[in-house]
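A.B. asks: dropping a prediction and its sequence here:
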Amino acid sequence: MKINRCIRCGGFYTSDGDVCPNCVTKDNMELSVFKSYLENNVDETSLNNVSIKTGISTPNLNRFLSYGGFEDFEKNFK
Ligand SMILES: [Zn+2]
């Protein structure tokens, strides 16, 4: 059995995904906050700024970017 370590809370879990079952809801919520923030701020170029405005940590923002679907915005952050 594969044991994963939650990158949000550090807890161990055996289900799939990057975060444990306890953190999934919050993680999905932040992902949708991030998406709607980008849709409303298409000129945003600073992940730091996004982090400050949304309260989502930069490592989490980078992880969300790596999930794909942000191709239109990703170039802004490079
Ligand atoms: Zn967790």
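C.D. replies: Looks like it came in fine.
A.B. asks: how about the most centrally placed residue in the chain, secondary structure?
C.D. replies: Geometric centre of the chain, nearest residue: Phe64, 3.4 Å, by C-alpha atoms, centre = their mean. Here Phe64 is recorded as helix under DSSP: H, G, I helix; E, B strand; the rest coil.
A.B. asks: can you give me the strands in the protein?
C.D. replies: Secondary structure of the chain (DSSP state E): strands at 4-5, 12-13.
A.B. asks: reformat the ones you listed as CSV; add mean pLDDT.
C.D. replies: Formatted as CSV, those follow (pLDDT from 0 to 100):
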stretch, mean pLDDT
strand 4-5, 96
strand 12-13, 96
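A.B. asks: for Asn48, which of the ones you listed is the nearest?
C.D. replies: strand 4-5 (25.9 Å; C-beta to C-beta). C-betas here are computed from N, CA, C, even on glycine.
A.B. asks: need the residues of this structure near the ion, please.
C.D. replies: Neighbours of the ion within the chain, by C-beta under 5 Å from the ion: Cys6, Arg8, Cys9, Gly11, Cys20, Cys23.
A.B. asks: run the last query once more with 8 Å
C.D. replies: Proximity of the chain to the ion, by C-beta under 8 Å from the ion, involves residues Cys6, Ile7, Arg8, Cys9, Gly10, Gly11, Tyr13, Val19, Cys20, Pro21, Asn22, Cys23.
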